[in-house]
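Trainee: Fold the stuff below for me.
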Amino acid sequence: EAIFLALKENAPKLIDADEPKSSLFLDNARLNLLPYPARHLVDAESYRYFIGNERAMSLIAQLGCPFECGFCGGRASPFLRRVRMRSLENIVCEMKLMHERYSVNGFMLYDDELNVNKGMIGLMREIRSAQTDLGVLWRLRGFVKAELFTEEQAEAMYNAGFRWILTGFESGSPRILENINKKATREDNTRAVEIAHKAGLKVKALMSIGHPGESAETVKESMDWLLEVKPDDFDVTIITTYPGSPYYDDAVKDKKKRNIWVYTYEKTGDKLYSVEIDYTKVADYYKGSPDGGYHSFVYTEHLSADELVKLRDLVEKTVRTKLGIPFNPSSASMRFEHSMGQSGSLLPEHILKISKPIRD
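Mentor: Just a heads-up that it's a prediction; the model follows:
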């Protein structure tokens, strides 16, 4: 609707659909009225993504993440923070349609965290019921928030067809988890892995380094934690200060170094330094390139950018070797690694929102 409004001859210069009081804001009622994605307009048959042995496609059941992680974009955006969930019937009908039209039995749910909504258990039951009605077995994959994860949720997910979950644990260091403003503790994260494994769910641990206060000791804490809890897969990346994230928006210019920005976490005083990036020209700010290695655009008081890269590589090699987890393949067609199998690309200039402070 906002797009059509913008196309009018007398359209206002600024159309703000991020304002909750706006008639354009996507609330629960409007979310349920949206048509399903026009998958028929793309070559769906060429999409090769599998969950287990099942060909899979993706969908989103709910919008919004209410948490305030320092590295995450959109933390000042009501559209990206307010949790809104489609009706259970609406979600399951889309899954049935995808199954019938595209012959898929796999579903990747790209919700920020499936378990931030109290309706999650009911959704799992409806998904299970749909499979019974159709006489099929589906396989699903999605994200959960560690400190909210319960045995009831794990069992419901397994019964619905989940065999893998992904969780952004980020760090094994209590200090870094505090600096991220993660809300989850090391103990919360350990418990989440234990709950998942008890229910028969495999866990992919999404880890990151380069946060405020990161040091060789905190990176080792992350590596030791991975070796302790033994996830079934993991990735470890060097963070980047994305526009719209607290790490970016709340950073100030370094008074001594040109093109360097400094973010300080107020509760601990730990700092993160970031290099000015032109997101319209640089693509390997996101998880690096397996063919060309990682490149860090951040550093801390304790670790240089090069040291962060070396430690990231050390964690990757050590944990995969000791836990017997295969290394990710590297090829020209998979230039940029992604936790969920996506490929990286340049960000078009028109989507970059000016955030505070204005960077000149």
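
Trainee: Poorly predicted segments of the chain, please.
Mentor: Scanning the chain for pLDDT under 70 picks out the ranges 283-293, 329-360.

Trainee: Just the buried residues of the longest helix seen in it, please?
Mentor: Within the chain, and with DSSP state H defining each element, the longest helix by residue count is helix 305-323. In terms of neighbour count (16 or more other Cβ atoms under 10 Å), helix 305-323 has its buried residues at 305, 307-309, 311-312, 315-316, 319-320. Using the backbone N, CA and C atoms, a C-beta is placed for each residue, glycine as well.

Trainee: May I ask which helix or strand encompasses the closest residue to T318 other than its chain neighbours?
Mentor: Of all residues not flanking T318 in the chain, M223 sits nearest, at 6.1 Å (Cβ to Cβ, 6 or more residues apart in numbering). Assigned by DSSP states H and E, M223 falls within helix 216-229.

Trainee: Now the element after that helix, going C-ward?
Mentor: That would be, after helix 216-229 and using DSSP H and E, strand 233-238.

Trainee: elements contacting that next one?
Mentor: strand 202-209, helix 305-323 (3 or more Cβ pairs under 8 Å, 6 or more residues apart in numbering; DSSP states H and E).

Trainee: For W225, give me its contacts.
Mentor: By Cβ atoms under 8 Å, 6 or more residues apart in numbering, the contact set of W225 is 169, 172, 186, 189-190.

Trainee: again, only using 6 Å
Mentor: G172 (Cβ atoms under 6 Å, 6 or more residues apart in numbering).

Trainee: K145 versus that one, what's the distance?
Mentor: Using Cβ to Cβ, to the nearest Å, W225 is found at 18 Å from K145.

Trainee: I180: which of the buried residues of helix 305-323 is nearest?
Mentor: I180 has its nearest neighbour among the buried residues of helix 305-323 in L308, at 15.6 Å by Cβ to Cβ.

Trainee: can you tell me the helix or strand for the spatially closest residue to the closest one that is not a sequence neighbour?
Mentor: Leaving aside its chain neighbours, L308 sits nearest to S296 (4.6 Å; criterion: Cβ to Cβ, 6+ apart). Under DSSP H and E, no helix or strand contains S296.

Trainee: Next one: S296 from S222, what distance?
Mentor: Taking Cβ to Cβ, one finds S296 at 16 Å from S222.

Trainee: go on, R39?
Mentor: In terms of Cβ to Cβ, R39 sits 38 Å off from S222.

Trainee: quick one, which of these two is more surrounded?
Mentor: The residue with more neighbours, out of R39 and S222, is S222; 26 against 16, by other Cβ atoms under 10 Å.
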